[in-house]
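Novice: Output the structure for:
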Amino acid sequence: MKKFYKICALVLVVFFLAIGLNIYHDIHTTSQTMSHFNKPNQFSNQTKRKTIVFKKFTKIKLDTYLPDIQVIPGKKYQVTIIGNYGADISKIKTSIKDNQLTIFDKPEPHYNNGNYHVEIRVPKSHSLLEISGSCYACTLLLKNLIIPRINIKVDDSDAILKNTIVKKLNLILSDGEFKVSNSTLSSAKLALSDSDCKITDSQCKITATLNDGDALIKNSKITGNSSFNLNDGDFIMNKAPKISYDLTADSEDTIKFDNTYHTSHLVKRLNGTPLLKVVSADGDIAIN
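Specialist: Residues are numbered from 1 along each chain as shown. The predicted structure follows:
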């Protein structure tokens, strides 16, 4: 009988020992797995930076795919390329010819994962005569500048003007936002698709077509005859200037002018003032 109990005890010891080893293995494996997933991104703190100084350039041409672009005044004519999270900044190239700085890179499939940023500086706010070209999947920011001409195409991102004066602007924008603040657009032509237009505290003369997006204008002056043609979107103007208006909306939509609702067409004339013409095929118009 004692022998039987000894055998049972031995079996129980082996059983619990096996369970203990299995639990240890599971805990150890789980610990290794969690350690792997909690390991910091190996690229997170590896910021790469390269600055190139030029003697002079008066024009900028963009042919870029992924880097965000910022153009601002500085002490020198220079370009700083910044990358992190595995970015290969050598893929972003610069060249100078006939006083034109060109920024270009390879298409998206040639990139490693990473974030890219290009900062372009010029000595004075009025150092540039022109910005042209195209950029894809990158935010374009122009700040504290005076530029005679801008002719640019932006895809899948935003175009932003801050405290900037542009005499002639031609912008094609898709899948993003056009944001203007504290700026002057003497003559602007906008072609926006799946994009909103937001103008704040600015002066402008604009001819704009929006295929799918809203136009929002706040506390801004219309300095010349302007028009907004919206295929699918609302037109909203707050703190509207005392000018002439010609407003047309679909019969199913509304026109609200100076807190009063009107039919699908409203004309307000004020002698000696610019005319703002707004046509919204599918959307409301509100001017207050």
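Novice: got the buried residues for stretch 154-164?
Specialist: V154, D155, S157, D158, A159, I160, L161, T164 (16 or more other CB atoms under 10 Å). C-beta here means a position set from N, CA and C on the backbone, and glycine is covered the same way.
Novice: what mean pLDDT does that stretch have?
Specialist: Per-residue pLDDT over stretch 154-164 has a mean of 97.
Novice: end-to-end on it?
Specialist: Taking CA to CA, to the nearest Å, stretch 154-164 runs 18 Å from one end to the other.
Novice: how close does the residue nearest the centre of the chain get to A137?
Specialist: Relative to the mean C-alpha position of the chain, the nearest C-alpha, by CA atoms, centre = their mean, is the one of D158, at 2.6 Å. According to CB to CB, to the nearest Å, D158 stands 11 Å off from A137.
Novice: And D194, by the same measure?
Specialist: As for D194, its distance to A137 is 14 Å (criterion: CB to CB).
Novice: ok, these two, which is more surrounded?
Specialist: Shown here are D194 and A137; by other CB atoms under 10 Å, A137 has more neighbours (17 against 14).
Novice: Chain neighbours aside, what residue packs nearest to the more buried one?
Specialist: Nearest non-adjacent residue to A137, counting by CB to CB, 6 or more residues apart in numbering: D156, 4.7 Å away.
Novice: Who are the contact partners of that neighbour?
Specialist: Contact analysis of D156 by CB atoms under 8 Å, 6 or more residues apart in numbering lists Y136, A137, S174, D175, G176.
Novice: Stretch 142-150: end-to-end distance?
Specialist: From its first residue to its last, stretch 142-150 covers 11 Å (CA to CA).
Novice: Over to stretch 95-103?
Specialist: Across stretch 95-103, the terminal residues are separated by 7 Å (CA to CA).
Novice: Quick check: buried residues in it?
Specialist: By neighbour count, and taking 16+ other CB under 10 Å as the criterion, the buried residues in stretch 95-103 are L101, T102, I103.
Novice: Also stretch 213-229?
Specialist: Within stretch 213-229, the residues that qualify as buried are G213, D214, A215, L216, I217, S220, I222, T223, S226, F228, N229, counting by 16+ other CB under 10 Å.
Novice: In terms of secondary structure, what does the helix or strand where the last one lies contact?
Specialist: By that I understand N229. In this assignment (DSSP states H and E), N229 forms part of strand 226-230. Helices and strands touching strand 226-230, as assessed by 3 or more CB pairs under 8 Å, 6 or more residues apart in numbering; DSSP states H and E, comprise strand 203-210, strand 275-280.
Novice: can I get those in JSON lines with mean pLDDT?
Specialist: Conversion of those to JSON lines gives the following (pLDDT from 0 to 100):
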{"stretch": "strand 203-210", "mean pLDDT": "99"}
{"stretch": "strand 275-280", "mean pLDDT": "98"}
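Novice: can I get the ones you listed in CSV with distance to S264 and mean neighbour count?
Specialist: As requested, the helices and strands packed on strand 226-230 are exported to CSV (distance: least, CB to CB, whole Å; neighbours: other CB atoms under 10 Å):
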stretch, distance to S264, mean neighbour count
strand 203-210, 19, 20
strand 275-280, 10, 21
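Novice: So which of the ones you listed is nearest G114?
Specialist: Across the helices and strands packed on strand 226-230, the minimum distance to G114, taken as CB to CB, is reached by strand 203-210, at 33.1 Å.
Novice: Can you list the strands that that closest one pairs with?
Specialist: For strand 203-210, sheet partners with direction are given as strand 184-193 (parallel), strand 221-222 (parallel), strand 226-230 (parallel), following DSSP bridges.
Novice: Grab the CA positions of the longest one and hand them over as CSV.
Specialist: Meaning strand 184-193. Listed in CSV are the C-alpha atoms of strand 184-193, where the atom choice follows Å, rounded to 0.1, in the frame of the first residue of the first chain:
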residue,chain,number,x,y,z
THR,A,184,-2.3,89.7,-50.4
LEU,A,185,-3.2,88.1,-53.8
SER,A,186,-3.2,90.8,-56.4
SER,A,187,-4.4,88.4,-59.1
ALA,A,188,-5.1,84.7,-58.4
LYS,A,189,-6.4,81.9,-60.6
LEU,A,190,-7.4,78.8,-58.7
ALA,A,191,-8.4,75.3,-60.0
LEU,A,192,-9.3,73.1,-57.0
SER,A,193,-10.5,69.5,-57.0
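Novice: Right, I'll leave it there.
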